[in-house]
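In: Turn this into a model:
(chains A and B)
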Amino acid sequence: MSIISLIIKREFIAKVRNKSFVVMTFLSPLLFVAIAVFIGYLSSMKAETKRIAIHDETGIFAADFLKENKKGTEFRYLNLSEIDLKALKDSITKENFSGLIVIPKTKHSKDLESKIEFISNNSPSISFVENTQDIIASKITKLNLEEAELDTLAIKKAQSNVNIHLIKASGEESRKGLNEIKIGIGGAFGYLIMMFIIIYGNMVMRSVIEEKTNRIIEIIISSVKPFQLMIGKIVGTSLAGILQFVIWAIIGLGLMFAASVFFGVNVGSGSTLPPVLMQSMGHNFSEMMQIGLSEAWNLPIASILIGFIIYFIGGYFLYSSFYAAIGAAVDNQTDSQQFLLPIIMPLILSVYIGFFTVVNDPHGSVAVIFSMIPLTSPIVMLMRLPFGVPWWQIVISVSLLFATFFLVVWFAAKIYRVGILMYGKKPTWKELYKWLKY
Amino acid sequence: MSNLLEVHKVVKRYGNYVALNEVSLNVPKGSIYGLLGPNGAGKTSLIRIINQITLPDSGEVTLDGEKLQPKHVQTIGYLPEERGLYSSMKVGEQCLYLAQMKGLSKAEAKKQLDFWFDRLGIQGWWNKKIQELSKGMAQKIQFVVCVLHKPKLLIFDEPFSGFDPVNANIIKDEILALKEQGSTIIFSTHRMESVEELCDHIALIHKSNKLIEGKVSDVKREFKTNSFEVGILTNNVEGLVYDITQKFTVSPANFKSLNDDLKLNIQIGNAMPNELLHLLTQRGQVTHFVENIPSVNDIFIQTVTS
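Out: Predicted coordinates for the structure are as follows:
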C-alpha cells in the first residue's frame, strides 16, 4: 500500500510541476473568460437593422408588418407598395434594402398562399421566413374567417389553452421549466465526466509511453508490480486533474464575477434582450428564477451528487485503464490512434444518447439500456438521474460498471505487463490478444 | 560454498517460442557469476524471471533457500541493459523515489545517497535534471540506484556499455568492492575480456538451453586441448620435427619472441608434459614452453558455433 501511495505522490508531483500543466491551469480560465466577455460584448452591441421593403398590391398585409416595427426586432419594414415593382427589384440589387416581400393581387385570398415572394441577395434565416409566413397566414386566416362570416371573437374565446401540472406519484409537484434544469444538471455532469476522461485518460497514456521511451520501466518494474504502477499512475493523474478542475472553477467563477462587475457586461446571453422587454417581463422573470431555484433544491440533490461521484470514479477508472493498456502497448503517441478510436466511440455515443434520447424520453428503452451498459452508463445514467431512476436500475448499472471495471483492469494490467517491456514494434490487435495469454 | 540463487528447470515460452528450456543455474554466495550467451539466447528472459518481472511457465527459483516471493525484490539490485531514468525529474528526488521503492526509509535512502554521491564524486548533481546530464553521467546515477539498498544479489546487464575507460574502471573497482563486502553478483555481458577479469563462475546459454556452467578454472580445464606452445633453438630442425611427430601432433605456432627460434604447437594427448620437455631438451635450447589454456572467448565461440 505504501508503495502505491509513493507512486501516486510521484505521479501527482510530476504532473503538477510540469510547465504545460501550470500554464494550462492558469491560462485556460483566462482564455475562457476572455472569450465569454468577448461574446457578451458582441451580443450587447445593437445588431444592425435590416430594412425590408414590402410591395403589397392587395394593400391588406402591409399594416401588419408595420406593427412588427414596434416590437424592436432587427428588421425594419417599409411599405413601398406605391413604387414600381421593377424599380424596387433594382434597388434590392443595389443593396438599399436587405429584402423585398412581394404580395401580388389575386382574385381570392386563398390563391395568395403560394404566390408570395421574397427577393433578396442573401438567403434569409429560417426564423425570418417562418415569422413572415406566420404574419401573412394569420392575416389570411382572419380574412377567411370574416369571409365565412364567423365571429372571430367567439372563436378566440372558444379556443382553450391547456397547462398540465406535472405531479409525481410520490406527491411532489414539479413545474414546467424544471425539466430544463434537470437536463442542464445531468448534461453538465455527463459532459464533465467525458471531458475529464478524454483529457486525463490521455495524460495517463502519455505518462505510460514516457516511461517506456525513457526505458526506466524495467527498473521500476523490478521493484513494484505492474498493477501497482498502473493504479498509482491513474490515481495520481486523476488527483492532479481534480486539482486542475478545482482551480479552474475557482478562477473561472472569480473572473466571471470580476468581469461582470468591471465591464458591466452581463456575461452570457441575458443582455441580448432589449431593455423594454426586460422591464415588461421583469416581474415575471425574477419570479421564474425564484421558482427555478427552489425547484432545483427539490431535486434529489444528494442522490445526484453521490451518483456523480460513483459514476465519475467508475467511469474514469474504467477508461483510464484502457488508456494505460494502450500506452503500454505502443511506442509513441502516433501509434496509439488505431486503438483510441474504439474507446472514444462509446464516449461520444453516450453523450449523443444523453442529449437526444434521454432528453426526449428519460425512461425509454434506449435510455434504460444504455444506462446499463458499462461503457456508456457513467454519462447516460448520470443524465437520467435528475429525472428519478428506480433504485434497482441504479443497482444493476453500478454493479455492472464496477464488475466491468475490475475485469478491464485485470485485462489492462496483463496487456500493460507484457506491453511495457516490448519495444520497437507496433502491435496489432491479434498480438494484444496473444499477450493476454502470456 | 552454498548457493545464494538456484534456478531449477525453468521454462519460459512466448506463444510458440521457447525462450528458456529447462534451464538450471546455481549461483554461489559471494561469487561474480558471468551469464554468457549470444544475442537472443534467453539471458534477459532469465534475468527478468529472477527479478520477478515475469513468471516462469514452470520450474522454480530460490533465493537463499527460499522460493522467490515479492519481498525479495528488496534484496536484489538490477541494472538493466536498457538504461533510463525520468528525464525531467531531478537526480536527488529520483534516487530517493527509486530507493524508497526498494523499501528504504527516506532518511536511510538519503544517508546512502550521500555516501555514494560522495564516493563517486558527484555531489553537485543533486538538483540537476537527468536531461541535463550526459549519457555516462546518467549511467553512474543508475549504478548508484542499483546498489543503494545494499542488495544481497546484484544483477548487472552490460554494466560497462556507455562508459569511457576511466569510468568503466571506477565501476569495475566498485563491483569488486561490493563482492568483497559479500554481495553476490550476476554479470551478463558480451565483453569476454571483462568476464576473464572479473568472473569466477560462468554459465553459457545458447538457443534457450544452458550448455556450460561452473567455475571458470573448471570450465577451462574441461576445454583445454592438452597442447603446448613451444619455442626452441636447434640446429637440426628436421630431426627434431621427425622425433616429435612420432609421438605427438605438431602444427606451426605464432607468438612473439626475441629469439630466432622454431615455434610449434604440440598436442600431447594423454602424455605428461615432462615427456615432451624431455624430448625437447635433448634436441636443443627450450626458450618457450606454455600450456595453451582456452580463453573464455575461445570457449564461447567454440560452443556457440559447434
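In: roughly how far apart are the residue of chain B found nearest chain A and A:Lys212?
Out: In chain B, the residue that lies nearest chain A is B:Gly84 (2.9 Å; Cβ to the nearest Cβ). Using the backbone N, CA and C atoms, a C-beta is placed for each residue, glycine as well. Per Cβ to Cβ, to the nearest Å, B:Gly84 is found 9 Å from A:Lys212.
In: Surely B:Gly59 and B:Val7 touch.
Out: Yes: counting by Cβ atoms under 8 Å, B:Gly59 touches B:Val7, with 7.3 Å between them.
In: how about the host helix or strand of A:Ser350: buried residues?
Out: Using DSSP states H and E, A:Ser350 sits in helix A:337-352. Neighbour-count burial for helix A:337-352, counted by 16 or more other Cβ atoms under 10 Å in any protein chain shown, picks out A:Phe339, A:Leu340, A:Ile343, A:Pro346, A:Leu347, A:Leu349, A:Ser350, A:Val351.
In: Now the fourth one. Nearest residue, chain neighbours left out?
Out: If the residues on either side of it in the chain are set aside, A:Pro346 comes closest to A:Leu375, at 4.0 Å by Cβ to Cβ, 6 or more residues apart in numbering or on different chains.
In: That neighbour falls within a strand, correct?
Out: No: assessed with DSSP: H, G, I helix; E, B strand; the rest coil, A:Leu375 is coil; it does not lie in a strand.
In: what sits against it?
Out: For A:Leu375, the contact set (Cβ atoms under 8 Å, 6 or more residues apart in numbering or on different chains) comprises A:Leu318, A:Pro346, A:Leu347, A:Ser350, A:Thr404.
In: same thing but 10 Å
Out: A:315, A:318-319, A:322, A:342-343, A:345-347, A:349-350, A:401, A:404, A:408 (Cβ atoms under 10 Å, 6 or more residues apart in numbering or on different chains).
In: hmm, back to that, continuing past the helix holding A:Ser350, what's the next helix or strand?
Out: For helix A:337-352, the following helix or strand on the C-terminal side (DSSP H and E) is helix A:359-360.
In: what's the spacing between that next one and its chain's center?
Out: 13 Å (Cα atoms, centre = their mean, to the nearest Å).
In: Who are the packing partners of the host helix or strand of B:Glu238?
Out: If you go by DSSP H and E, B:Glu238 is part of helix B:237-247. Here helix B:237-247 touches strand B:227-233, strand B:249-252, strand B:262-267, helix B:273-283, going by 3 or more Cβ pairs under 10 Å, 6 or more residues apart in numbering or on different chains; DSSP states H and E.
In: helices or strands up against the shortest one?
Out: The reference is to strand B:249-252. By 3+ Cβ pairs under 10 Å, 6+ apart, strand B:249-252 packs against strand B:227-233, helix B:237-247, strand B:262-267.
In: For the second one, C-alpha coordinates in CSV please.
Out: What follows is the C-alpha trace of helix B:237-247 in CSV, where atoms were taken according to Å, rounded to 0.1, in the frame of the first residue of the first chain:
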residue,chain,number,x,y,z
VAL,B,237,65.1,-28.8,-37.3
GLU,B,238,64.1,-31.9,-39.5
GLY,B,239,65.4,-34.3,-36.9
LEU,B,240,63.5,-32.6,-34.1
VAL,B,241,60.2,-32.4,-36.0
TYR,B,242,60.6,-36.1,-37.0
ASP,B,243,61.2,-37.1,-33.4
ILE,B,244,58.1,-35.2,-32.1
THR,B,245,55.8,-36.3,-34.9
GLN,B,246,56.5,-39.9,-33.9
LYS,B,247,54.7,-39.3,-30.6
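In: what does the model give B:Cys199 for pLDDT?
Out: Turning to B:Cys199, the model gives it a pLDDT of 90.
In: ok, it to B:Leu176 distance?
Out: Separation of B:Cys199 from B:Leu176 (Cβ to Cβ) stands at 11 Å.
In: so where does residue 304 fall, helix or strand?
Out: This is for chain A. helix A:301-329.
In: meant chain B, my bad for not saying
Out: Short version, using DSSP H and E: B:Val304 is in helix B:296-305.
In: Please tell me how far that helix is from the chain's geometric centre.
Out: Worked out by Cα atoms, centre = their mean, helix B:296-305 lies 14 Å from the chain centre.
In: same thing with stretch B:179-190?
Out: Relative to its parent chain, stretch B:179-190 has a centroid offset of 8 Å by Cα atoms, centre = their mean.
In: likewise stretch B:94-103?
Out: The mean C-alpha position of stretch B:94-103 is separated from the chain mean by 27 Å, Cα atoms, centre = their mean.
In: packing partners for the helix holding B:Val304?
Out: strand B:32-36, helix B:192-198, strand B:201-206, strand B:209-215, helix B:216-223.
In: Now do that helix and strand B:201-206, the angle between them.
Out: If you take axes from the mean of the first three to the mean of the last three Cα atoms, to 10 degrees, helix B:296-305 sits at 30 degrees to strand B:201-206.
In: Give me the contacts around helix B:296-305.
Out: B:34, B:36-38, B:41, B:190-197, B:199, B:202, B:204, B:206-207, B:211-212, B:216, B:219-220, B:222-225, B:292, B:294-295.
In: now do 8 Å
Out: Contacts for helix B:296-305 (Cβ under 8 Å, 6+ apart): B:34, B:36, B:38, B:192-193, B:195-196, B:199, B:202, B:204, B:206, B:211-212, B:216, B:219-220, B:223, B:294.
In: can you pull the buried residues of that helix?
Out: Buried-residue list, helix B:296-305, by 16+ other Cβ under 10 Å: B:Val296, B:Ile299, B:Phe300, B:Thr303.
In: same deal with stretch B:8-25?
Out: B:Val10, B:Lys12, B:Arg13, B:Val18, B:Ala19, B:Leu20, B:Asn21, B:Val23, B:Leu25.
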